[in-house]
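In: Quick check, what structure comes out for this input:
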Amino acid sequence: MKRAVCSFIYHKLLGWKAKVGVPDFKKCIFCAAPHTTNWDLFIGKLFINAVGRKSGFLMKKEWFFFPLGAIFRSMGGIPVERDKRSSMVDQLIEQVKRSDTFHLAITPEGTRSANPNWKKGFYYIALGAQIPIILVGIDYEKKCITADKYLIPTGDIDKDMRDIKLYFKDFRGKYPEKFDIGEV
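Out: Numbers count the residues shown, from 1 in each chain. As a prediction, the model looks like this:
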């Protein structure tokens, strides 16, 4: 039922397409970009449900106030304290290891503004937990979300991050000027 409703909204009402060519891993990180608007969360959640998959997501804790906090938690939201050095990566690695299934979407830019210095937490979670990173490109120009590539982190973060950033270079966020892959 939930899949049918999300599929109807995503495909029929909003007119978006989905291209998925990766396995349905029991455990993975979804690396989603470009992230240029708050609408990415809702489009992304509709997409993931429409294609019959599940995913939680990280979001700054400031958004988890009443009543939004309860709504975001029910959607799989995990509040993050960004102003404090914490072991969120280590905590998530342990959660992956304890779980039978684990799917978490992370936007590597860490902001909706242009940021060439992408956060690497998603990479370290996948590396530490030994799970794949599925690359999910959001393209507002084509009204399509694409998930057709994944990688297993090698530990060579410079090479892997270069490959990841290059994958996203041709996707257009809602506000393209707010997306920057930096020098690769």
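In: pLDDT score assigned to residue 91?
Out: Looking at residue 91, its pLDDT stands at 83.
In: typed the wrong thing, it's residue 16
Out: Residue 16 is assigned a pLDDT of 98 by the prediction.
In: Next: the one 3 residues further on.
Out: The model reports residue 19 with a pLDDT of 97.
In: do you know how far it is from residue 25?
Out: For residue 19, the distance to residue 25 equals 17 Å [Cβ to Cβ, to the nearest Å]. The C-beta positions use only the backbone N, C-alpha and C, and glycine is treated the same way.
In: quick one, which of these two is more surrounded?
Out: residue 25 (16 against 13; other Cβ atoms under 10 Å).
In: What are the neighbouring residues in contact with that one?
Out: In this structure, residue 25 makes contact with 103, 131-132, 134, 150, judged by Cβ atoms under 8 Å, 6 or more residues apart in numbering.
In: So which of the residues you listed sits lowest on pLDDT?
Out: The member of the contacts of residue 25 with the lowest pLDDT is residue 103, at 95.
In: Name the helix or strand for that residue, please.
Out: strand 102-106 (DSSP states H and E).
In: partner strands of that strand, parallel or antiparallel?
Out: Take DSSP bridges as the rule and strand 102-106 pairs in its sheet with strand 27-33 (parallel), strand 56-60 (parallel).
In: Ok, which of the ones you listed comes nearest residue 109?
Out: Of all the strands paired with strand 102-106, it is strand 27-33 that lies closest to residue 109, at 6.4 Å by Cβ to Cβ.
In: All set now, cheers.
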